[in-house]
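Q: When you get a sec, could you give me coordinates for this:
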Amino acid sequence: MLTVLAGVTLQCDGAPVALSSLERALLAGLAVGAGSSSDTLVRWLYDDTPPTSARNRVQALVSGLRRKCDAPLVRTAADGYVLDDGVPTDVGRLRACRDRARARAQRSEVGCLDDFRTALDLVPEEVLLDVRPTSAVELERTRLAAERLGLWEEHVAAAVALGRADTVVADLALLTALHPFHEGLLAHSVLALASVGRREQALRVYREAFERLDVELGVEPSDLLRSAHARVLEGDVVPVRASDVTTVPGADTALRRPTAPRTLPRRSPGFVGRAHELEAVLGAAQQVDDGPVVVHLTGLPGMGKSTLAVEAGHRLRDRFPDGSLHLDAGRTPTGPDAGAALGTFLRLLGTHPEAVPADVAERAALYRSLLHERRVLVVLDDVGADVAAPALLDLLPASAGSMAVVVSRRDLPWLDADVRVPVGSLSTGAARELLVRELGSERVERDQADADRLVVALGAAPLALRLAAGRARQRPDVALGRLADRLSTGDDGTMASIAASLAEVWEQLPGEVQEAAHRVARLRLPAFSAWVLGALLGDDHAGERAIDALSALHLVEPVRHLGQATQFKLHDVVARFLRGTDTHDDDTSPAERVAALLLERGRPAHRAHPTQLLPEPPNGARPTSQATTSQDAAQRWDRTSAVRFFATENATARVLASSLAPHRPDLAWRLLVLVAPAHHGAPAEEDWVACLDLVGGVLGRAAPDDVDAATGRAFLDLCRAWHLQARASSSEQAGRLAESAAARLVDAGHPRAAAAAQVVAASAALALGRRDAAVAALDAATAALDGVHDPVLAGWVANGRGTVHNDYDENEAAAVAFAQARALLEPTAARAGYRQATLELSRSYRRLGVLGEAQKLILEVVGLLEDDGDDYDRGYVLDAQAEVAVALGRGADGVELARSARAWAVRSRDAFVAARARRTLAGALRLEGRPAEAEAELRLAVTELTALGRQLSAAAAWRALAALLDDAGRTEEAAEARRLEREASAAAQAGGAPPGASPVLTPPT
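A: This is a model prediction of the structure:
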C-alpha cells in the first residue's frame, strides 16, 4: 500500500518500508501522475538544477525501491517508470471515490454524500508535506488543493439538492470563512441555510457577500449567487428530508419519530491500527443501497473485536443518519432475550411503549417495518455460539439501506454474513503505537527494544497490552524489559484474565483436538500445514477435524504467502496458554512423527524439483512410534507442486532438524538433505546453513562406529560444498569438502551422492583454473555412475565436460557435450540443468558462427525462464542474447541487453555475470562507434574478473581491449594488453588464480 497525499508511506506485505527523502519524492510523483518519463521525473525531483547523471540517479532510486519491496512496485515504461498496476494507492482510492460519488449524484442517490466525504478525507488541507519542494511539486500541490475545493463544492451541492443540507451547514460556514470570495460556496451556503429553516441567516450571508464583492473587488454577484438569493426569496429550496411518520395499529395517534437513536458505547480514545479491518467494515457499508448488509467480526478474547465494532460504528455515523442501535448480547449468562431486545429497539426508534406488541413475532414485524426505507446501523456484540439463531436473526435489518455488525468469538453457523472479518493481533507498529499512547513516547522511545519485547511477550494482543501498560504506569521504576521478562516466564498476573477467557473457549474442544493443539504447540513451528495435525494424531481425517475445530474457535490463524500452500499458526497468546498448561513439554515423539511423515511426503516432491543435483537422502532412519502414512503419499508430483511443497515446508524441516538433532540426528540430517535443493539460492539459505552447522556438530560427536552418523556427515559435507561453491565464492574449501565427501560416499555405498560430490568438485576445480583436476573429478563421477541409471546426474556430468571445453575455447567439443546434456536432461524434472545446457549450447553455437541456432536456443531459454517463474539467472541469459546481438552487428540492441544483463546480475548478487556483461557491453559500444566508453567498460571488466579469479574470462577481456586499442592506433598499449592476456591465460592454465565461484556447474534456483 502506498500513500502520498497526507504523507508518503509504503507498506510491503503489511510491513512499513523505510524511505529516503528522494525515494518518497519519486513515489509521490509516480502516484500523482506527475510524469513517467525519466526527464519529467528529474524535473520533479531536482527542478532546474539536476545533478550530474540525474537519469542514472533516478534509475538508482528505482533499483533501491525494488530491493526494498519484494512485491512488484515500479515497472519500466517506454521512456521512464510507472507504478505497477497492482500497487494500491490513496490517489487511486481518491479517484475511485470521486468518480463513484459523481455517478451516484447524477442518479440522485443519497449515498453519494458518503462517497464525497470519503474522497475528501483522503486529501488533507496541506498535501505532499514530506516531499522535497520543487516547482513541479508546488504546481501539483496547487492542483490538488483546487481539486479538494472542487470536491467540497460538488459535495455541498449534492447535499442541498438531496435534502441533506443539515449535514453540510457547518462545513459551509468554515469553507466560506476560508474562501470569502468563492461565489459557488457562498451560493450553496445561502441555499443550505434556507433548507434547514434559517432563512434570515441565509439572506444575511447573501447581503454580506454582496457588500464584500462590491467594496473589495468592485464587482456584482455572479448569476449563481443571485439565483440562490432569488430562490430563497421565492421559497424555492429543497427542505431537509421530513421525519418519517409511523402509525401503529391500536394506537390513538400517529407517533412521530424522535431524534435518531445513538446508543453505541464511547469509542476507545486509544484506538490504533486495524486499517485493513476497518476498510473491510467501512467498505461493506458502501453496499447497503443494494440490500441489507451483515458484517461478522470474529476472533479470540482480548483482540479488540468490540472496540473495532464501536470505532467503525462511530465512523459510519453519517452513512446511517437514522440511528445506530447497540446490544451487548453477552451481558447475561443465558444470552439475549430477543423479545426484550426488540422492545428496546422499537422504543428507541420512536414507538410509544404502550404501542409495543406483546408477541415477539409482532414485535419483529413492526421492527422490520420501522427499518424499511431508513438507514440504521445495528451492532450486536459478544454473541455466544450457543445463542439460538432466531433470537438474533429477528434483530438483523431486512431491507436496503441498513447494516448489522455481529461480534463473536467463534464462527456462527446460522449467520449468513456478507462480509467476514477475522480480528487478530495488532501489527508490531500498531502495538508500539498503543504503548506510546498509554505510556507516553518518552518512555517507549527510551526503551524501544524492551517495548518490542513486551509486544512479542503479549502476542500484540490489545487487551493484554493495555493491562501491561497499566501496570507499567503504576510502577514507573520498573523497566519495560523487566516486565517483558516476567511475562515471558509467566511470573506475572497480566495474562490471567485472558487465560481465563481462553480456558472457557478451550473447554468447548473435544479431548482429541486439545491433545493435537498441545502437541503442535510443543513443536514451536512458525506455521504448520494441516497434515501436521494428522501426523500428530496418527490419522489424516482426525487431523482435518482438529484443524476445523481450532479454526472455528480462532485458536489458529491461516498463514498465506505467495507461492506457498496455506498453513496455520497458533496465535501467540494461545501458544503461551498451551505451553503453560502442558505437562509433557519434554516429549519429542510428536516431532519425530512429523519429521518421519515430512520425509515420506517430501521424497517424491524432491524427485520432481527442478533444482536437482543432490540425490534424495537414503532410507535407514530408525522407525518412529505411531508412524502414519499420508493419504497424499501417492500424489502425482509435477515441477510446480514440488516447488510449492518445499516453499511451504522448508521452515518446518529446519525447525524439526534443529530440535531433533540431540535426540534423533538420523532424522535431522535427512531432513536437511531433503530440502537442500529448495534452499539453493533461496532467501532462507543461510538459515539452512546454520542448521547444517548445528546438526553437523552433533554428528561429529557421535561414536566412531556409528555408521549412520558417518553417512550423515558425508551427505552434509556434500550439501555444504555445494552451497560454498555456488554462493559463497569459496572454491578452495568447496573442492576439498566435495572430494572428501565423494570418497566417503563411495565407501558407504551411495554412488549417486558420490557422483554429485564429484560434479561439485569439478566446478570448484574449474573455478580455480585447474583443468586436469576438473576432468579427473568428472571422470570419477562417470565411474561412480557405472551401472546406475541416473540421467539427471549424467546430464550434469555432460554439462561439466561442456564447460571445460567451453572455457578453453574448444567450441565444437563443447557443443557436442552440451547437446548430450540436453538430450539426457530433457525428459527429466531437472529443468535447471536442462536450461543450463541449452544456454551454454547457444553460446557454443554463437562462437562457431551458427547465429540462427544460437538465437533459437536463447529464445527457448527465455521461454523456460518464463514458465518456471525463475529470475535468478536471467542476467546470464540476457548476456547471451547481447552477445548474439553483437555478433549480428546490432550494436544498439546489444547495449540495451548487456545493460539489462548487468542490472539483473547485480540484483541477483552474481558478480561474475555482472563483470561478464561489462565485457559484452564493451563489444556493443564498439559497434556503436563509442570507443572511449567501450575501453572504460573493458578495463572495469578486467579488474572485476581478476578479483573473482576468473583468469580465462579476464584474458578474453584483455584480448578485446587489445583489438580496441589497435583500432585507435595505440599499438604500444595494445601490445601491453596482449602481454597481460598471455599472463592471465598462463595463470589459468597453472591453476594459480585466486579462489572464485563458477556459475556454470551449479544449477540455479
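Q: Distance from the longest helix anywhere in the chain to the middle of the chain?
A: What stands out as the longest helix in the chain, according to DSSP state H, is helix 135-161. Relative to its chain's centre, helix 135-161 lies at 34 Å (Cα atoms, centre = their mean, to the nearest Å).
Q: Can you give me the buried ones in it?
A: Judged by neighbour count (16 or more other Cβ atoms under 10 Å), helix 135-161 contains these buried residues: 136-137, 140-141, 144, 147-149, 151-160. Quick note: C-beta positions are derived from backbone N, CA and C, even for glycine.
Q: Quick one: list the elements packing against that helix.
A: Applying 3 or more Cβ pairs under 8 Å, 6 or more residues apart in numbering; DSSP states H and E, we find helix 135-161 packed against helix 21-32, helix 38-46, helix 90-106, helix 112-122, helix 169-178, helix 183-195.
Q: Next, the angle helix 169-178 makes with whichever helix or strand comes after the last one.
A: Of the helices and strands lying after helix 183-195 in sequence (DSSP states H and E), the nearest is helix 199-212. Orientation note: helix 199-212 sits at an angle of 10 degrees relative to helix 169-178 (axes from the mean of the first three to the mean of the last three Cα atoms, to 10 degrees).
Q: how distant is helix 199-212 from the center of its chain?
A: Taking mean C-alpha positions (Cα atoms, centre = their mean), helix 199-212 and its chain are 56 Å apart.
Q: mean confidence score for the helix or strand following that helix?
A: Downstream of helix 199-212, the first helix or strand assigned by DSSP H and E is helix 223-234. Mean pLDDT, helix 223-234: 89.
Q: Break the chain down into its domains, please.
A: 272-422, 428-501, 871-990 (automatic domain parsing).
Q: most tightly surrounded among the ones you listed?
A: Neighbour counts (mean count of other Cβ atoms under 10 Å) averaged over each of the domains of the chain peak at domain 871-990, with a mean of 20.
Q: For stretch 952-963, give me every contacting residue.
A: 769, 807-808, 912, 915-916, 919, 922-923, 935, 938-939, 941-942, 945-946, 974-975, 977-978, 980-982, 984-985, 988 (Cβ atoms under 8 Å, 6 or more residues apart in numbering).
Q: still on that earlier bit, include mean neighbour count, mean pLDDT and distance to residue 360 when you put the helices and strands packed on helix 135-161 into CSV, please.
A: Formatted as CSV, these follow (neighbours: other Cβ atoms under 10 Å; pLDDT from 0 to 100; distance: least, Cβ to Cβ, whole Å):
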stretch, mean neighbour count, mean pLDDT, distance to residue 360
helix 21-32, 22, 88, 54
helix 38-46, 20, 86, 65
helix 90-106, 17, 93, 38
helix 112-122, 21, 91, 34
helix 169-178, 15, 82, 42
helix 183-195, 26, 91, 41
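Q: Which among the ones you listed is found nearest to residue 602?
A: With Cβ to Cβ as the criterion, residue 602 lies closest to helix 21-32 of these, at 41.2 Å.
Q: Not counting the closest one itself, show me its contacts.
A: Contacts of helix 21-32 with the rest of the structure, by Cβ under 8 Å, 6+ apart, involve 2, 4, 8, 10, 19, 34-36, 41, 44-45, 57-58, 61-62, 64-65, 74, 81-83, 89-91, 128, 130-132, 136-137, 140, 144.
Q: likewise stretch 924-944?
A: Residues contacting stretch 924-944 (Cβ under 8 Å, 6+ apart): 882, 885-886, 889-895, 897-898, 911, 914-916, 918-919, 921-923, 954, 957-958, 960-961, 964-965, 967-968, 980.
Q: Now do the contacts for residue 277.
A: Contacts of residue 277 by Cβ under 8 Å, 6+ apart are 297, 308, 421, 423.
Q: Kindly indicate which of the residues you listed lies nearest residue 527.
A: Distance to residue 527 across those (Cβ to Cβ) is lowest for residue 423, with 19.3 Å.
Q: Setting the sequence-adjacent residues aside, check what's closest to that closest one.
A: residue 299 (3.7 Å; Cβ to Cβ, 6 or more residues apart in numbering).
Q: Could you do residue 427 as well?
A: Leaving aside its chain neighbours, residue 427 sits nearest to residue 273 (5.7 Å; criterion: Cβ to Cβ, 6+ apart).
Q: that's a strand at residue 10, yeah?
A: Yes: per DSSP: H, G, I helix; E, B strand; the rest coil, residue 10 lies within a strand segment.
Q: dump the residue contacts of it.
A: Contacts for residue 10 (Cβ under 8 Å, 6+ apart) come out as 1-2, 16-17, 19, 27, 68-69, 73.
Q: One more: residue 716?
A: 669, 672-673, 692, 695-696, 699.
Q: Scan those residues and report the most crowded one.
A: Neighbour counts for the contacts of residue 716, by other Cβ atoms under 10 Å, peak at residue 669, which reaches 30 neighbours.
Q: Just put the contacts of residue 10 in TSV and tack on secondary structure and distance to residue 904.
A: As requested, these are exported to TSV (DSSP: H, G, I helix; E, B strand; the rest coil; distance: Cβ to Cβ, whole Å):
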residue	secondary structure	distance to residue 904
1	coil	27
2	strand	25
16	strand	28
17	coil	22
19	coil	24
27	helix	23
68	helix	17
69	coil	17
73	coil	17
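Q: Just give the closest residue to residue 739, not the sequence neighbours.
A: residue 761 (5.0 Å).
Q: what's around the one you found, how many residues?
A: Neighbour count for residue 761, taken as other Cβ under 10 Å: 32.
Q: what's the distance between it and residue 781?
A: Going from residue 761 to residue 781 by Cβ to Cβ, to the nearest Å gives 8 Å.
Q: Could you do residue 810 as well?
A: Going from residue 810 to residue 781 by Cβ to Cβ gives 20 Å.
Q: Residue 198 now?
A: Distance from residue 198 to residue 781, by Cβ to Cβ: 94 Å.
Q: Of the two, which one has the most company?
A: Neighbours were counted for residue 198 and for residue 781 using other Cβ under 10 Å; residue 781 has more, 26 against 15.
Q: quick revisit: farthest pair in the contacts of residue 277?
A: By the measure Cβ to Cβ, 308 and 421 form the most distant pair in these, at 8.1 Å.
Q: which neighbours do these two share?
A: Shared contacts of residue 308 and residue 421, defined by Cβ under 8 Å, 6+ apart, comprise 277, 281, 297.
Q: Nothing else from me, thank you.
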